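Engineer: Prediction below, plus the sequence it came from.
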Protein chains: 2
Amino acid sequence: MLILVTNDDGINAPGIKALGRSLARVGRVAVVAPEKERSAIGHGITMHKPLRATEVPWEGPVEMALAVNGTPADCVKLALDALLDEQPSLVVSGINLGANLGTDVLYSGTVSGALEGCINGRPSLAVSLAGEGEVDFSFAADFTSRLAGVIIKRGLPAGTLLNLNIPCLPPGEIKGLAITRLGRRRYCNTITRRLDPRGRAYYWLAGEVEDLDQEPDTDIGALGQGRISITPLQLDLTNYSYQQELAAYLPFLWPGQGNR
Amino acid sequence: MLILVTNDDGINAPGIKALGRSLARVGRVAVVAPEKERSAIGHGITMHKPLRATEVPWEGPVEMALAVNGTPADCVKLALDALLDEQPSLVVSGINLGANLGTDVLYSGTVSGALEGCINGRPSLAVSLAGEGEVDFSFAADFTSRLAGVIIKRGLPAGTLLNLNIPCLPPGEIKGLAITRLGRRRYCNTITRRLDPRGRAYYWLAGEVEDLDQEPDTDIGALGQGRISITPLQLDLTNYSYQQELAAYLPFLWPGQGNR
């Protein structure tokens, strides 16, 4: 039973170390993760430069611990296709320092590691702890290993992965567990404009989060109530419910064709 | 009527120039695009370095033509929040040289430009021409401007964007138009392992595409039949149909809690 572990905070981040230790109680663990932080890179892959995988020291039992000069998706591709001798029973990406909620999953390197596992037919899981600064990952790591055990036993449907977010609270204050949908968030005042010493403008991306949908059944809502959220995600982004309405426009776009 | 145009092949790519020219017949055009190619960066945003927007020469009528040292998502964020005086009626990303089909949309910089427009509440469209090398973008650009006119008039549902793929065929050989779903593809033999002059391994990502699902109702299938495909995509990746089954595992994960 092999578990592939990656992340986007880099192989030296405390979140992946806690995760690796905890998952070692469920199966054999192989760690293949970016050598440095790769946050907000989305589902990027590296095609224009060669990738290197370098062994790094790792405390505790591990099949391999390799730092890669690429993204989380690169790490998973490289592990599955070149580095591992057997296919893992599970791919786990995390534990990210900071939540990955709602629309933000589209930007998340953590989620992209799990997406890549899912694309390659492996049960996959992204894990984030909704804290900042110096935090204790041990409860989050223990809960993840419990969930990992269930996934390995029960499996996940093809094309489906899980996105797990854990409140940064003392374990006794966590209010339980919720199966959620993605909320909707966007950022406002995202751009800070400054002038350099020569008077030319430059811009920083930042911004304040604006939660457009944080109902209790969303991941954002569940975290806000102190609950752990598990959101099943799918690779298929097709909006099926809009296909028919869109088909009604076809005659305007391609005269002579019906609406199929 | 303002249309924001971006891409991931870079502001000097012929695809965005043809698109800009053609859309100028539908509305006023603002071009804000990466200064160089940003393919396969996924939905990345740039948070760790400042962004610059530099005016570049542009043939034909244009409100602005700015090259940005960032990703397509950066360009759209920057344009909407800092560069444009009014909100655009439409965001168009492309025309990409090469199709963006099936699971690959998750890696696509072109699609990510349109995703970012959609996140910010703008009707958005990604456009790709399924060719390579020296190709003629004029038919694809003309068709896109026709579709742009329809979208501006009719709108798109919140959280929904369109992914347009156009076969690289003489216009007379195009077999019509299809409203499609995403097919499924993955890559096999993705990794090429080599040794450097010092005998250390390095890896190139590449790989052959394997179409797992190319039924006629998929984008992959439609392109294969010489048809233009329009796939409505949604921001919400939640797999709703799996939520209930997943809820059955809750008692194993959080003893004492029911399955909600």
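Structural biologist: Done, it's in.
Engineer: just the strands in the stretch 151-260 of chain A please.
Structural biologist: Taking DSSP state E, counting those that start in this stretch as the test, the strands found in the stretch 151-260 of chain A are A:160-167, A:177-179, A:184-188, A:191-195, A:201-205, A:208-213, A:228-234.
Engineer: Looking at these, spot the one closest to B:Val150.
Structural biologist: B:Val150 lies closest, by C-beta to C-beta, to one member of these: strand A:184-188, at 25.7 Å. C-beta coordinates here come from the backbone N, C-alpha and C atoms, glycine included.
Engineer: Listing partners with orientation, what would you give for the closest one?
Structural biologist: Strand pairing for strand A:184-188, using DSSP bridges, gives strand A:208-213 (antiparallel).
Engineer: Any figure for the gap between the residue nearest the centre of chain A and chain B?
Structural biologist: Central residue of chain A (C-alpha atoms, centre = their mean): A:Val111, 1.6 Å from the mean position. Per C-beta to the nearest C-beta, to the nearest Å, A:Val111 is found 9 Å from chain B.
Engineer: quick one: the helix or strand containing that residue to chain centroid distance?
Structural biologist: Taking DSSP states H and E as the criterion, A:Val111 maps to helix A:109-119. Distance, stretch centre to chain centre, for helix A:109-119: 6 Å (C-alpha atoms, centre = their mean, to the nearest Å).
Engineer: ok, now stretch A:112-126?
Structural biologist: Counting by C-alpha atoms, centre = their mean, stretch A:112-126 is centred 9 Å from the centre of its parent chain.
Engineer: still on that earlier bit, settle this for me: the residue nearest to the centre of chain A is touching A:Val127, isn't it.
Structural biologist: No: with contact defined as C-beta atoms under 8 Å, A:Val111 does not reach A:Val127; the gap is 9.9 Å.
Engineer: I'd like the distance between the closest residue to A:Val105 other than its chain neighbours and B:Trp58.
Structural biologist: Excluding the flanking residues, the one nearest A:Val105 by C-beta to C-beta, 6 or more residues apart in numbering or on different chains is A:Val111, at 4.6 Å. Note on A:Val111: its distance to B:Trp58, by C-beta to C-beta, to the nearest Å, is 37 Å.
Engineer: now A:Leu164
Structural biologist: On the measure of C-beta to C-beta, A:Leu164 and B:Trp58 end up 46 Å apart.
Engineer: between those two, which one's more packed in?
Structural biologist: Shown here are A:Leu164 and B:Trp58; by other C-beta atoms under 10 Å in any protein chain shown, A:Leu164 has more neighbours (25 against 18).
Engineer: hang on, the earlier thing: now do the helix holding A:Val111 against strand A:160-167, angle only.
Structural biologist: 150 degrees (axes from the mean of the first three to the mean of the last three C-alpha atoms, to 10 degrees).
Engineer: if we can go back for a sec, overlap in contacts of A:Val111 and A:Val127?
Structural biologist: Listed as contacting both A:Val111 and A:Val127 by C-beta atoms under 8 Å, 6 or more residues apart in numbering or on different chains are A:Ser93.
Engineer: now the strands of the stretch 151-260 of chain A as TSV including distance to A:Asp142 and mean pLDDT?
Structural biologist: Listed next are those as TSV, based on distance: least, C-beta to C-beta, whole Å; pLDDT from 0 to 100:
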stretch	distance to A:Asp142	mean pLDDT
strand A:160-167	10	98
strand A:177-179	14	96
strand A:184-188	28	83
strand A:191-195	39	91
strand A:201-205	35	90
strand A:208-213	28	84
strand A:228-234	12	98
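Engineer: Save those as a markdown table, and put in distance to B:Arg186 too.
Structural biologist: Converted to a markdown table, those look like this (distance: least, C-beta to C-beta, whole Å):
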| stretch | distance to B:Arg186 |
| --- | --- |
| strand A:160-167 | 14 |
| strand A:177-179 | 27 |
| strand A:184-188 | 29 |
| strand A:191-195 | 37 |
| strand A:201-205 | 32 |
| strand A:208-213 | 32 |
| strand A:228-234 | 15 |
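Engineer: about what we covered before: check which helices and strands the helix holding A:Val111 sits against.
Structural biologist: Contact partners of helix A:109-119 among helices and strands, from 3 or more C-beta pairs under 8 Å, 6 or more residues apart in numbering or on different chains; DSSP states H and E: helix A:72-78, strand A:90-97, strand A:124-130, strand A:160-167.
Engineer: where does chain A have low pLDDT?
Structural biologist: Scanning chain A for pLDDT under 70 picks out A:39-42, A:258-260.
Engineer: can we see that at 80?
Structural biologist: For chain A, residues meeting the criterion pLDDT under 80 lie at A:37-44, A:47-48, A:188-190, A:207, A:256-260.
Engineer: just checking, what's the longest helix in it?
Structural biologist: Secondary structure of chain A per DSSP state H: the longest helix is helix A:138-154.
Engineer: Go through that one and flag the buried ones.
Structural biologist: Buried residues in helix A:138-154, counting neighbours by 16 or more other C-beta atoms under 10 Å in any protein chain shown, are found at A:139-141, A:143-145, A:147-149, A:151-152.
Engineer: Do stretch A:241-258 and chain B come into contact?
Structural biologist: Yes: interface with chain B: stretch A:241-258 contributes A:242-243, A:246-247, A:249-250, A:252-254, A:257 (C-beta under 8 Å from any C-beta of the partner chain).
Engineer: who wins for neighbours among those?
Structural biologist: Top of the residues of stretch A:241-258 next to chain B by neighbour count (other C-beta under 10 Å): A:Leu246, with 21 neighbours.
Engineer: Tell me which residues touch the closest residue to that one other than its chain neighbours, please.
Structural biologist: Of all residues not flanking A:Leu246 in the chain, B:Ile179 sits nearest, at 5.1 Å (C-beta to C-beta, 6+ apart). Neighbour list for B:Ile179: A:243, A:246-247, A:250, A:260, B:229-232 [criterion: C-beta under 8 Å, 6+ apart].
Engineer: one step back: looking at the buried residues of helix A:138-154, spot the one nearest A:Cys118.
Structural biologist: A:Ile151 (11.8 Å).
Engineer: what about the nearest residue to A:Met64 once chain neighbours are set aside, which helix or strand?
Structural biologist: Sequence neighbours aside, A:Ala30 is the residue nearest to A:Met64 in space, at 5.0 Å (criterion: C-beta to C-beta, 6+ apart). Using DSSP H and E, the element containing A:Ala30 is strand A:28-34.
Engineer: which residues touch that strand?
Structural biologist: Taking contacts as C-beta under 8 Å, 6+ apart, the residues outside strand A:28-34 that touch it are A:1-8, A:10-11, A:16, A:20, A:23, A:53, A:58, A:61-72, A:74-76, A:78-79, A:83-84, A:88, A:109.
Engineer: make it 6 Å
Structural biologist: With contacts defined as C-beta atoms under 6 Å, 6 or more residues apart in numbering or on different chains, strand A:28-34 is touched by A:2-7, A:10-11, A:16, A:20, A:23, A:62-66, A:75, A:79.
Engineer: separation between A:Arg184 and A:Gln234?
Structural biologist: From A:Arg184 to A:Gln234 the distance is 17 Å (C-beta to C-beta).
Engineer: Could you find the closest non-adjacent residue to A:Gly221?
Structural biologist: Nearest non-adjacent residue to A:Gly221, counting by C-beta to C-beta, 6+ apart: A:Gln214, 4.6 Å away.
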